[in-house]
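Asker: structural data only, the sequence is not supplied:
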């Protein structure tokens, strides 16, 4: 079985190279930018191989203290948030006396960081992430003020096999990770929407 954690890390690493390449080009160092771009291409090839041979994903949910999780996520965001893009964080768990949830800590963090990397890449000025309860689900919502998702990606049956923008690999993995979170007959899911930009929601039962 393919370890989706490795695939997620490869995809996340490739995303993080993009702003480095842009900065090197702006600073007049095209050779270094080209070398890093080549590394990114190799990582992209690795992800293509993953797509061709991917199998079912295993998640290992455990009890997660949500305030601590969001605090660590905020710390990661501060490390990688690009200059020139405002990133706002909100948490509303006031209706939960004991804010804990069953989820795979590592995989959910990887999914959210990957979604944030994409939001930063396409945002014009602003990105926000919010954690809250929605209809009994724990919802992580990430918004940007960019051009939005390609129309075909908004179809919940989209497999991302044919696309005009991006790789789609991150969303493929995100949907599989979400779906493997199960509680009382309900599965997790990813919702995508365009509303003054792209809106990504990860909902966990």
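Answerer: Received the coordinates, thanks. Just so it is clear, the model here is predicted, and its values are computed rather than measured.
Asker: show me where pLDDT drops low in the chain?
Answerer: 1-9, 11, 31, 33-35, 37-38, 40-57, 157-169 (pLDDT under 70).
Asker: strands along that one, start to end?
Answerer: 62-65, 86-92, 100-103, 126-134, 137-144, 182-183, 186-187, 189-194, 198-204 (DSSP state E).
Asker: looking at the chain, which residue ends up farthest from its center?
Answerer: Most distant residue from the mean C-alpha position of the chain: residue 28, 30.5 Å away (C-alpha atoms, centre = their mean).
Asker: which residues does that residue contact?
Answerer: Residues near residue 28 by C-beta atoms under 8 Å, 6 or more residues apart in numbering: none. For glycine as for every other residue, the C-beta is placed from the backbone atoms N, C-alpha and C.
Asker: how about the strands of the chain, which one is nearest residue 111?
Answerer: Checking these against residue 111 by C-beta to C-beta gives strand 198-204 as the closest, at 6.2 Å.
Asker: that closest one pairs with which strands, and in what direction?
Answerer: Listed by DSSP bridges, the sheet partners of strand 198-204 and their directions read strand 137-144 (antiparallel), strand 189-194 (antiparallel).
Asker: report the angle between the shortest one and strand 126-134.
Answerer: Spelled out, that is strand 189-194. Put simply, strand 189-194 runs at 140 degrees to strand 126-134, going by axes from the mean of the first three to the mean of the last three C-alpha atoms, to 10 degrees.
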